[in-house]
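*Asks:* What shape does this take:
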Amino acid sequence: MKFREYGFGNKRKIILLHGGGLSWWNYKKVAERLQMKFHVILPILDGHADSDRPFSSIEDNAEEIISFIDEHFGGKVFFIGGLSLGGQILLEMLSQRRDICKYALVESAMVKPSKITKAFIGPAIELSYGLIGNEKFARKQFEALHIKEELFDDYYRDSCAISKSDMKEFLKANSSYELKSSVRRTKASVRIYVGSKGKQEMLDSADIISKAIRCPHKVMRDLYHGEFSINHPQEYAKAVEDMIK
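*Replies:* Down below sits the predicted model:
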């Protein structure tokens, strides 16, 4: 797994895990705001543009990052955040290692498996994958994600670099992830965020996670899926600092 780093040398370590189909730039602006106080590490998840290995599973990604933390930071970090697929990997890390971090922020992570969605992913990717390199098609996909315009070039470049097999695998994993019972034992102080304009399964998932871990969750008014960290980095950075305070 590859990493981008900001604020190298600061004692308190923060890891931020990007969403599926995106990359480290998901949190670039957040990292720039936090780098004066924290050492911010942005992993490039397996199977994504510029990654060093294909995507296998959410569990394997969680194990890789835990191993990285063991090797470089003595087995734990200060804070971990994650969006969507990254949020699922974060939840898996909390399940595998109860003391992996002191604070955690999970944004829009789905934990209601959908067999129907998983079954349709393969055929849908087979039909649409050839269009990914088409800029007009990519633009429509980008607009549907409600990501700010300045990130289109990053999105388009990195979408084109994802292989068909990797795209199938991480989308299938995203649609079928189920919260592990061991997550209840986490020692981390956890907060859940979800946009009010996200899909109902995202809102339901936020409630499921909140009840399982017994932590608060916030429904963010008028925000779509993933908008908080991507489109509002200043507010996201403030949420991180407020949790720590």
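*Asks:* only C-alpha atoms for contact and neighbour calcs from this point on.
*Replies:* Will do.
*Asks:* What segments of the chain are strands?
*Replies:* 2-6, 13-17, 39-44, 77-83, 101-107, 189-195, 217-220 (DSSP state E).
*Asks:* and residue 143, which of these is closest to it?
*Replies:* Evaluated over the strands of the chain, closeness to residue 143 peaks at strand 189-195, with 16.6 Å, by C-alpha to C-alpha.
*Asks:* contacting residues around the helix or strand of the chain with the lowest mean pLDDT?
*Replies:* Across the helices and strands of the chain, mean confidence by mean pLDDT, DSSP states H and E is lowest for helix 115-128: a mean of 87. Under the contact criterion C-alpha atoms under 8 Å, 6 or more residues apart in numbering, helix 115-128 has outside partners 164, 167-168, 171-172, 175-176.
*Asks:* Which of these sits closest to residue 22?
*Replies:* The closest of the contacts of helix 115-128, once distances to residue 22 are taken by C-alpha to C-alpha, is residue 167, at 11.1 Å.
*Asks:* Relative to residue 235, how far out is the closest one?
*Replies:* Here residue 167 is placed at a distance of 30 Å from residue 235 (C-alpha to C-alpha, to the nearest Å).
*Asks:* more neighbours, the two?
*Replies:* residue 167 (21 against 13; other C-alpha atoms under 10 Å).
*Asks:* Who are the contact partners of that one?
*Replies:* 21, 47, 125.
*Asks:* circling back to that earlier point, could you export the least confident helix or strand of the chain as CSV, CA atoms only?
*Replies:* Below are the C-alpha coordinates for helix 115-128, written out as CSV (Å, rounded to 0.1, in the frame of the first residue of the first chain):
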residue,chain,number,x,y,z
LYS,A,115,-27.4,-9.1,-2.5
ILE,A,116,-29.4,-7.5,-5.3
THR,A,117,-26.9,-4.6,-5.7
LYS,A,118,-24.0,-7.0,-5.5
ALA,A,119,-25.5,-9.2,-8.2
PHE,A,120,-25.9,-6.3,-10.6
ILE,A,121,-22.4,-4.8,-10.2
GLY,A,122,-20.7,-7.3,-12.5
PRO,A,123,-23.1,-6.9,-15.5
ALA,A,124,-23.2,-3.1,-15.0
ILE,A,125,-19.4,-2.7,-15.1
GLU,A,126,-19.2,-5.0,-18.1
LEU,A,127,-21.6,-2.7,-20.0
SER,A,128,-20.2,0.7,-18.8
